[in-house]
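S.K.: Let's see this in three dimensions:
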Amino acid sequence: MRKLIPLLALAGALSFPACESFGQALGAHKNVVARAAGHDLTVDQAVALMNQNPRLPNQPDLVNALANLWVDYTLLAAAAQKDSTLKSVNLEPLVKPALEQGMVWKLRDKVIHFDTMISDADLQKLYQEQSPGTQVRARHILFRLPPDATPVQRDSILKLAQSVRAQVVASAGKNFGELARKYSEDPGSKAQGGELGFFAKGQMVAPFDAAAFKLQPGEVSAPVETPFGLHIIQVEERKQTPFETVKVQFRQKAVQDRVQQAETQYVARLTDTLGLKVADGAFDVVRDIAKKPEMKLGGRAGDRALVTYKGGSLAAGTLMDVLRSLPAQQRTQFGSATDDQLKNVLLGLARNQVLIAEARRQGFAASKQQQDSLTNVARQQLMGVVRSAGLIGIKPQSGENDEQAVERKVRSLVEAVVKGEQNIIPLGPLAYALREQFSGQVYDRSFPNVVAKVQATRPPVPPQGLQLPNPAPVPTTTPTTTPAAPPAKK
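M.R.: As a prediction, the model looks like this:
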C-alpha cells in the first residue's frame, strides 16, 4: 500500500489581485466573455451556447463554467494546431506530482518497517475490539441548541433534555417514541418517533457516533452535544457481521492500519522538531485561492509563507499548485471549511514538503531519464484525449481559414457538452499551464449580460438538476495520492 504522503483536505485561495489586471480590463471589450489564444467568446456566442440546452440553469456560475470550458478547449486546439505532437505544451504540472510521489514511495520503502504477521487469534481479538462490522438501530430526541445560546439558554435546554430522559428511564424506554414525537426538533425523524434505522460507525457526527456505539440494546444515553444540539439516544438493536465472513478483508485492513501507524510515527519523528507554525491570515489565503485558482500570483504573493518551519516554509504558490490539481467540486468545499480543518490541511502540506525534501536528501530524486520517460507517457495520454476529441488535424472547410476552423470545432464540442452528448475533457492542472503559456482569460463582469440575454431569448422550460455532464476519467501517468476535501458536516 502506497500512502506515505499525508495529503489532507484543502481549499481556498489566496489574496491576490482582482480577476483581471488593469491593462486587461481596459483592453477587453464589455461584450467579451472570454479570450484565449487570440480568439474571443462574445456575449451573443455564450448566449447561443447556453440556449443549446434550455434546461441548463441560467446562472452566472454556469456561464463561468461554460466560459472556462471554452477557454480550455480553445487553448488545447490552438496548441495542437501549432504543434500536432504537443511537444510545446508544458506538462510539468502533470508530471511533477507523480515524480514527487515516486520519490516519497522510495523513501517509505527504505525507512518504514512494520510487522505484517497477525495470528488468527490476535486478528479475531482485534475484530471484537474494533467491531468494524457492527451496526446499531437507534432512536433519538433532538433539542436544538443555538450556536450563540447564552448560559441561561443552555442551562434551560439541558434541564429539559434531562427531564425528558428521566421520563424515558422511568418507563424503561417504552415511551421513547411518544416523547420523541412530542419534544424532538429533528424534522427528519420526529414523526417516526425518532427512528434513525441501522447505521454503521462513522456515519453520524463523532459525539453521536461514540455515544450510540457504547450503548447496548435498551440503554438510553445521557444528553449528548453535537453541532446540531443535545441528543438523547436509545439503541434498540445491534448486529455484527460474523468474523469468518470478513476475515480476509479485515486482515488486509489490519495490515494497512499498521502501515499507516508506522508512517505516521515516522512523519512525526521527522517533522515534530521543526516547529511548524501557520502564519496569520493563511486561512483567508486558502479560501481565496479555492475560489479563484485561475488567477496569477505575483512574485511576492506566490512566495508568501503560509506555514513556516525550521529550514523552510510552505508558500502560497505551492498551495495553488495543489488546489489546481483538485476537481472543482472538491476544491469548492474549502470555502466552507473551518479554521481547524484548514490548519490541518496546511500543516499536512508542509509535512509533505518536508518529506519530499528528505527524499531528495537521501538521493531518491528522479533522474532526467525517468523524468523524460514520464513526460512522454503523459504526452501520449494527452495526445489520445485530444485526438479522440478531434482537436488535432482540424481542417478548414470551404471559405474558412485555420483560425475559423478552430473556432468551429471548439464551438461544436462545447455544444455537445451542453446538450449532454459528450463528456467534458478534464484537463486539471494542465488547464492553468495552458493559460500561462498561450494566454487565456475569463471576464466575469460580462456574466450578468449573458444571463439577461438568455432570460430574454430562452423558451420557458423548467430547469433540471445538474448543469454540465461530469468529466470523463482523467488518464494519469502513475498512481498518486490526492488530497481529500474537508469532511462534510453531518
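
S.K.: and the gap between G420 and Y443?
M.R.: G420 sits 27 Å away from Y443, taking Cβ to Cβ, to the nearest Å as the criterion. Heads up, the C-betas are built off the backbone N, CA and C, glycines and all.

S.K.: Comparing those two, which shows the higher neighbour count?
M.R.: Applying other Cβ atoms under 10 Å to G420 and Y443 shows that Y443 carries more neighbours, namely 21 against 14.

S.K.: where's the more buried one relative to F208, distance?
M.R.: 47 Å.

S.K.: swap in A350?
M.R.: 32 Å.

S.K.: number of nearby residues for the closest residue in space to S131 that isn't next to it in sequence?
M.R.: What sits nearest to S131 in space, not counting adjacent residues and going by Cβ to Cβ, 6 or more residues apart in numbering, is Q240, at 6.4 Å. Residues near Q240, counting by other Cβ under 10 Å, number 14.

S.K.: Other residues contacting the helix or strand L306 falls within?
M.R.: Per DSSP states H and E: L306 is located in strand 305-309. The list of residues contacting strand 305-309 from outside it, by Cβ atoms under 8 Å, 6 or more residues apart in numbering, reads 271, 274-279, 282, 285-286, 313-316, 319, 346-347, 349-350, 354.

S.K.: Quick check on those: which are buried?
M.R.: Using 16 or more other Cβ atoms under 10 Å as the burial test, these include 271, 276, 278-279, 282, 285-286, 313-316, 319, 346-347, 349-350, 354 as buried.

S.K.: A strand includes A138, no?
M.R.: Yes. Assessed with DSSP: H, G, I helix; E, B strand; the rest coil, A138 lies in a strand.

S.K.: now the stretch 351-490 of the chain, which segments are flagged as low pLDDT?
M.R.: 460-490 (pLDDT under 70).

S.K.: Helices along that one, start to end?
M.R.: Listed in chain order, the helices of the stretch 351-490 of the chain (DSSP state H, counting those that start in this stretch) span 368-388, 402-418, 429-438, 447-457.

S.K.: Same question for the stretch 151-300 of the chain.
M.R.: Secondary structure of the stretch 151-300 of the chain, counting by DSSP H, counting those that start in this stretch: helices at 151-170, 176-183, 206-214, 243-271, 282-291, 299-303.

S.K.: before we move on, the earlier item: state the next helix or strand along the chain beyond the strand holding L306.
M.R.: Next along from strand 305-309, by DSSP H and E: strand 312-315.

S.K.: what angle separates the next helix or strand after that next one from strand 305-309?
M.R.: Sequence order places helix 316-324 as the next helix or strand after strand 312-315, per DSSP H and E. Counting by axes from the mean of the first three to the mean of the last three Cα atoms, to 10 degrees, helix 316-324 lies at 110 degrees to strand 305-309.

S.K.: Against which helices or strands is helix 316-324 packed?
M.R.: With contacts taken as 3 or more Cβ pairs under 8 Å, 6 or more residues apart in numbering; DSSP states H and E, helix 316-324 sits against helix 282-291, helix 299-303, strand 305-309, helix 339-361, helix 429-438.

S.K.: So which bits of the second one are buried?
M.R.: It refers to helix 299-303. For helix 299-303, using 16+ other Cβ under 10 Å, the buried residues are 301-302.

S.K.: can you check the fourth one too?
M.R.: Across helix 339-361, burial judged by 16+ other Cβ under 10 Å covers 341-356, 358-359.

S.K.: okay, the helices of the stretch 151-300 of the chain, which one's buried deepest?
M.R.: Highest mean neighbour count of those: helix 282-291, a mean of 22 (counted as mean count of other Cβ atoms under 10 Å).

S.K.: tell me the centre residue of this structure?
M.R.: Residue closest to the mean C-alpha point of the chain, counted by Cα atoms, centre = their mean, is Q330 at 2.3 Å.

S.K.: Which secondary structure elements does the one helix or strand it maps to sit against?
M.R.: If you go by DSSP H and E, Q330 is part of helix 328-332. Under the contact criterion of 3+ Cβ pairs under 8 Å, 6+ apart, helix 328-332 touches helix 282-291.

S.K.: Can you show me the strands along the stretch 51-200 of the chain?
M.R.: Secondary structure of the stretch 51-200 of the chain (DSSP state E, counting those that start in this stretch): strands at 134-144, 195-200.

S.K.: Next, the buried residues of the shortest one.
M.R.: Judged by neighbour count using 16+ other Cβ under 10 Å, the buried positions of strand 195-200 are 195-196, 199.

S.K.: got a pLDDT number for I5?
M.R.: At I5, the model reports a pLDDT of 37.

S.K.: no wait, D209
M.R.: Reported pLDDT for D209: 92.

S.K.: Isn't it up against Q203?
M.R.: Yes. With contact defined as Cβ atoms under 8 Å, D209 counts as touching Q203 (7.2 Å).

S.K.: Run me through the strand neighbours of the strand holding L306, direction for each.
M.R.: strand 277-278 (antiparallel), strand 312-315 (antiparallel) (DSSP bridges).

S.K.: that older thread, so which of the helices and strands packed on helix 316-324 gets nearest S119?
M.R.: Of all these, helix 339-361 sits nearest to S119, with 32.9 Å by Cβ to Cβ.

S.K.: roughly how far is that closest one from the heart of the chain?
M.R.: Distance of helix 339-361 from the chain centroid (Cα atoms, centre = their mean, to the nearest Å) equals 17 Å.

S.K.: what do you get for stretch 219-233?
M.R.: Taking mean C-alpha positions (Cα atoms, centre = their mean), stretch 219-233 and its chain are 30 Å apart.

S.K.: same check, this time on stretch 146-155
M.R.: Here the centre of stretch 146-155 is set off from its chain's centre by 34 Å, with Cα atoms, centre = their mean.

S.K.: A46 and N449: what is the separation?
M.R.: Counting by Cβ to Cβ, the gap from A46 to N449 is 9 Å.

S.K.: More neighbours: those two, which one.
M.R.: Neighbour comparison, A46 and N449: the larger count goes to A46, with 25 against 18 (by other Cβ under 10 Å).

S.K.: List the residues that contact the more buried one.
M.R.: 33-34, 63, 66-67, 70, 446, 450.
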